[in-house]
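Q: Sequence and computational prediction follow.
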Amino acid sequence: MTAGIEMVRDLGARHSNWGRWGENDEKGTLNLVTPEMVVAAAGLVRQGKTISMALPYDEDGPQTGNLGRFNPIHLMIRDGADAIAGTSIRDFYGGVDKHFRGTDDIIIMPLQSGTQWDAFGHVVFEDKIYNGYGAEWVSSKGALKGDVANASSGMVGRGVLLDLPRALDLEWLEPGHAIGTSELERGEEHAGVRVGPGDFVFVRTGAMAAARAAGAWGDYAGGDAPGLGLDSVGWVAGRDIAALAADTWGLEVRPNETPDVAQPLHIVFIVHMGLWLGEIFDLDPLAEDCAVDGVYEFMFCGPPLPFTRAVGSPLNPMALK
């Protein structure tokens, strides 16, 4: 079958989870995580290590304006100069207490400008979002169905890192490298693990390592990149994982393998499977740690911020070992 719109429709229909957890479901693959799995994941914490997988949220992030996304803008609304001048006491505290003086700040940012989760309302295919809801449910009010807050009490369980550059004896995968089933299995073999139901899977391509080596983000945001290819769909669906994240801007290989359909795996994974996707995860520190101790499974905790009706959210994902 030609890689194009018909293949995307076929993969979506073959692996659809619409109705699997009820006609009103908005949690998707997080339904696969049971309390017993969370308890078992807690047992993976043996060394007391805590490793963040988030990029700093600042002006040095990777965004260049593609899709209207820019790096976070940090502004102070009360700073130390206000405290010294006494204006913060006068303007914010009514002059009641001259001893306590505070500062405050704000952040202006697209919710998907850094390390982030995609919500189900983020991707529309043929006028539908996950579980068959019409795209009209994502309105000027936000995502009335499929918002990111549906995951705010989840995203905890067994995490598994598949460090593909190390598994393939490379520094990093080159842009345009499509990751398929055989390479995901190589990643499992290298890690000494088998991915299973309810797991949170993190695929390292080395894209951030390449950017760091170059000393610049270049076209990381929206340019050619390694990532999951169409051949990975059967593996991902067959393992019944809870969520999938990568160290690239868009998770799937770019250029896409479907010239007539942009981001086909977002359509299959998010719209049809109800699979939570994470992007721009900094997996390099975790990969270094795993390479040293040989432990590639860990307790994962990384819920989105509970923004009501939002279609994405920043987070600080944590691996606990």
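A: Good, I have the coordinates. Model, not experiment: these values are computed from the prediction. Numbers count the residues shown, from 1 in each chain.
Q: okay, now Phe307: neighbour count?
A: 18 (other CB atoms under 10 Å). From N, CA and C alone the C-beta is placed, and that goes for glycine too.
Q: For my notes, confirm it occurs in a strand.
A: No - using DSSP: H, G, I helix; E, B strand; the rest coil, the secondary structure at Phe307 is coil, not a strand.
Q: Now do the contacts for it.
A: Going by CB atoms under 8 Å, 6 or more residues apart in numbering, Phe307 touches Leu111, Asp147, Val148, Ala149, Ser313.
Q: Considering these, which is situated nearest to Gly234?
A: Closest approach between the contacts of Phe307 and Gly234, by CB to CB: Val148, at 27.3 Å.
Q: now the strands for the stretch 201-321 of the chain?
A: Along the stretch 201-321 of the chain, counting by DSSP state E, counting those that start in this stretch, strands occupy 227-228, 243-246, 276-279, 297-301, 312-314, 318-320.
Q: To Leu30, which of the ones you listed lies closest?
A: Of the strands of the stretch 201-321 of the chain, nearest to Leu30 by CB to CB is strand 276-279, at 6.5 Å.
Q: Redo the strands of the stretch 201-321 of the chain as JSON lines? Include mean pLDDT.
A: Below are the strands of the stretch 201-321 of the chain laid out as JSON lines (pLDDT from 0 to 100):
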{"stretch": "strand 227-228", "mean pLDDT": "98"}
{"stretch": "strand 243-246", "mean pLDDT": "98"}
{"stretch": "strand 276-279", "mean pLDDT": "98"}
{"stretch": "strand 297-301", "mean pLDDT": "98"}
{"stretch": "strand 312-314", "mean pLDDT": "98"}
{"stretch": "strand 318-320", "mean pLDDT": "98"}
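Q: Select, out of these, the one closest to Thr50.
A: strand 318-320 (5.6 Å).
Q: Now do the closest one: which elements does it pack against?
A: Applying 3 or more CB pairs under 8 Å, 6 or more residues apart in numbering; DSSP states H and E, we find strand 318-320 packed against strand 50-52, strand 297-301.
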